[in-house]
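[1] The following comprises the amino acid sequence and a computationally predicted model.
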Amino acid sequence: MVVISRAVSLALRSGQLISAVIVAGIVGHYLAVLDDAGLHPGDRFIYTEVVAGLAIFTSLLLLIPMTWAMTPLPWDFVMFLLWIISFGLLADYLAPASCTWYAAWSPVYRLGGTVEEECSTWKTSLAFIFISAMLWLASFFLGLWVIHRLKKGGIATKRRPWYRSNY
């Protein structure tokens, strides 16, 4: 049972890392284009880039196969909330520009490609933000399940003192 939960945890952490890298790449490209044009990006894009950076760092740290990496419950839930906030902020900003005539003159879509390409890029970004949020939530529930199984099986009992470890 422990092997299965560790394998699932490794798969979830890998998915979190991949999703965060994709979002960081898309939003980072947008920020670079705006910087080259001398425009100030919205705070929501900077927030999303920071959340993606935190997710990359955290998922890399938690990919290390240690026992403590299985159950960082509060941080998993915090990361889920951060991603959901990011999703809401970007969806609220991008929703009026629904890939119609408005998108042709909206500064959100001025990344160098056609309107359809840029629209699909932002939809991809929103999709991976949502996927990442769900992966963090799944990690949270996996951690809860692991803790529940350990307590139910009697494994999470008091540890023996270090000087009695040879008995």
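    Arrived safely. Residues are numbered from 1 along each chain as shown.
[2] out of all of them, which helix in this structure is the longest?
    Longest helix in the chain by number of residues, with DSSP state H as the criterion: helix 115-152.
[3] Give the buried residues for that one.
    115, 118-119, 121-122, 125-126, 128-140, 142-143, 146, 150 (16 or more other Cβ atoms under 10 Å). For every residue, glycine as well, the C-beta is placed using N, CA and C.
[4] number of nearby residues for the residue lying closest to residue 53 once chain neighbours are set aside?
    Nearest residue to residue 53 in three dimensions, chain neighbours excluded: residue 24, at 6.5 Å (Cβ to Cβ, 6 or more residues apart in numbering). When neighbours are counted by other Cβ atoms under 10 Å, residue 24 registers 20.
[5] Now do residue 24, the pLDDT please.
    Looking at residue 24, its pLDDT is 95.
[6] which stretches of the protein form helices?
    Remark: helices assigned in the chain by DSSP H are 2-37, 43-62, 73-94, 101-105, 115-152.
[7] weakest of those by average pLDDT?
    helix 101-105 (a mean of 51).
[8] And the nearest residue to residue 26 once chain neighbours are set aside, how far from residue 63?
    Excluding its sequence neighbours, the residue lying closest to residue 26 (Cβ to Cβ, 6+ apart) is residue 125, at 4.4 Å. According to Cβ to Cβ, to the nearest Å, residue 125 stands 23 Å off from residue 63.
[9] in this structure, which residue is closest to the centre?
    Centroid-nearest residue in the chain: residue 132, 3.9 Å away (criterion: Cα atoms, centre = their mean).
[10] Chain neighbours aside, what residue packs nearest to that residue?
    residue 19 (3.7 Å).
[11] can you count the residues close to that neighbour?
    25.
[12] dump the residue contacts of it.
    Going by Cβ atoms under 8 Å, 6 or more residues apart in numbering, residue 19 touches 55, 128-129, 131-132, 135.
[13] 6 Å instead?
    Residues near residue 19 by Cβ atoms under 6 Å, 6 or more residues apart in numbering: 128, 131-132.
[14] do the same with residue 21
    Residue 21 touches nothing, counting by Cβ under 6 Å, 6+ apart.
[15] any idea how far residue 149 is from it?
    For residue 21 relative to residue 149 (Cβ to Cβ), the value is 31 Å.
[16] what does residue 128 give?
    In terms of Cβ to Cβ, residue 128 sits 31 Å off from residue 149.
[17] now do residue 13
    When residue 13 is compared with residue 149 (using Cβ to Cβ), they lie 19 Å apart.
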